[in-house]
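Q: Structure of the sequence below:
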Amino acid sequence: MDVNGKTILITGSTDGVGRYVARQLAARGASVLIHGRNAARAKTLTDEIKCDGHAAPTFYQADLSSLSDVRELASAVMADHKRLDVFVSNAGIGSQNSGGGRQTSADGSELRFAVNYRSGFLLAHLLLPLIKAAAPSRIVNVASLGQHPIDFDDVMITKGYSGPRAYAQSKLAQIMFTIDLAEELKGSGVTVNSLHPATYMNTTMVRAGGITPISTVEQGGEAILHLVAGDDVADKSGLFFNGMNEARANPQAYDAQARRRLRELSLKLAGLPA
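A: Residues are numbered from 1 along each chain as shown. Here you go, the predicted model:
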């Protein structure tokens, strides 16, 4: 897909792999919508893109742990645009970031579940009219090979909490949502795929977690760009990729009953009608 002139929203794009993707898409002529919590980082990125001779991105500031912020972000995008060609749900908290201990969002949801999964779930639903209007269009969920089955009796992990488990559960939830939404959108011209971009990229999130990077941001970024613009994936939907290649996720992702339970819970948590 030629992204020149396409409108593309990337959450978590003022740092790390999202930042790389934003710069590459701007260089290809896309109208890039960047998101983050830090306005100073957004300004630095904007200045770099402009210095490269490309159109300045539009910055949307939001704390994705907050349902109200997520809704305000969606409202702002919808007020500014009539169509959205690609939505990349990339923002996330790593397994050891923010101290690694259990924290909750303002509404009481476990923080990694709220930021890594629920925010993208809600944004995709709220922005769907714009995404459908741009068909053929794409949704890309940046997940991980690190996946942990969801315990539906304790989704918020109030017992036996660990940062890695919470992170891995949120990433599997993203993949389950990808499969579920792809089925819902069959025939609409909207594809939905998820991926593990690369292992332990050299990002702030990885380094802050005390992990030694083993992959580059460029490797992960190119894998994301493949799902954003690759012609070979234009008709593929509901799939999980490891880098550039199709892969199998945790078995729970292919359990229709588990996906139904997650969907029902997610609609309730996001305040959406069932």
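
Q: Any regions of the stretch 51-200 of the chain where pLDDT drops low?
A: Applying pLDDT under 70 to the stretch 51-200 of the chain picks out residues 97-100.

Q: Other residues contacting the host helix or strand of residue 126?
A: Residue 126 belongs to helix 119-133 when assigned by DSSP states H and E. Contacts with helix 119-133, where a contact means Cβ atoms under 8 Å, 6 or more residues apart in numbering, come from 9, 11, 64-65, 67, 70-71, 73-75, 77-78, 81-85, 87, 89, 91, 137, 139, 141, 174, 177, 181, 188-190, 266, 270, 272. For every residue, glycine as well, the C-beta is placed using N, CA and C.

Q: so what strands line up beside the next helix or strand along the chain from it?
A: Where DSSP H and E defines the elements, the next helix or strand beyond helix 119-133 is strand 137-142. Strand 137-142 pairs in its sheet with strand 86-89 (parallel), strand 190-196 (parallel), by DSSP bridges.

Q: Report the angle between strand 137-142 and helix 119-133.
A: Using axes from the mean of the first three to the mean of the last three Cα atoms, to 10 degrees, the direction of strand 137-142 lies 160 degrees away from that of helix 119-133.

Q: Pull out the buried positions in strand 137-142.
A: The neighbour-count check on strand 137-142 (16 or more other Cβ atoms under 10 Å) flags 137, 138, 139, 140, 141, 142 as buried.

Q: helices or strands next to the following helix or strand past it in the packing?
A: Moving toward the C-terminus from strand 137-142, the next helix or strand (DSSP H and E) is helix 163-184. Judged by 3 or more Cβ pairs under 8 Å, 6 or more residues apart in numbering; DSSP states H and E, helix 163-184 is in contact with helix 111-112, helix 119-133, strand 137-142, strand 190-196, helix 256-270.

Q: Residues touching the third one, excluding its own?
A: When you say that, I think you mean strand 137-142. Residues from elsewhere that reach strand 137-142 (Cβ under 8 Å, 6+ apart): 1, 17-18, 83-90, 92, 120, 124, 131, 174-175, 177-178, 181, 189-195, 197, 224, 227-228.

Q: Buried members of those into ChimeraX, please.
A: The ChimeraX command for the buried members of the contacts of strand 137-142 (criterion: 16+ other Cβ under 10 Å) is given here:
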select :17,18,84,85,86,87,88,89,90,92,120,124,131,174,175,177,178,181,190,191,192,193,194,195,197,224,227,228
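
Q: re the thing from before, let me have the helices and strands packed on helix 163-184 in JSON lines, extended by distance to residue 220.
A: As requested, the helices and strands packed on helix 163-184 are arranged in JSON lines below (distance: least, Cβ to Cβ, whole Å):
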{"stretch": "helix 111-112", "distance to residue 220": "19"}
{"stretch": "helix 119-133", "distance to residue 220": "17"}
{"stretch": "strand 137-142", "distance to residue 220": "9"}
{"stretch": "strand 190-196", "distance to residue 220": "9"}
{"stretch": "helix 256-270", "distance to residue 220": "26"}
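
Q: Which of those sits closest to residue 28?
A: Closest approach to residue 28 among the helices and strands packed on helix 163-184 is made by strand 137-142 (14.7 Å; Cβ to Cβ).

Q: Minimum distance to residue 168: which of the helices and strands packed on helix 163-184 has it?
A: helix 111-112 (9.2 Å).

Q: How about the contacts made by the residue nearest to the spatial centre of the chain?
A: By Cα atoms, centre = their mean, the chain has its centre lying nearest to residue 89, at 1.9 Å. Counting by Cβ under 8 Å, 6+ apart, residue 89 touches 11, 119, 120, 123, 124, 139, 140, 141, 142, 174.

Q: Could you find the closest non-adjacent residue to it?
A: Spatially, and ignoring its direct neighbours in sequence, residue 89 is nearest to residue 120 (3.4 Å; Cβ to Cβ, 6 or more residues apart in numbering).

Q: out of the helices and strands packed on helix 163-184, nearest to residue 44?
A: strand 137-142 (21.7 Å).

Q: and that closest one, how far from the chain's centre?
A: 8 Å (Cα atoms, centre = their mean, to the nearest Å).
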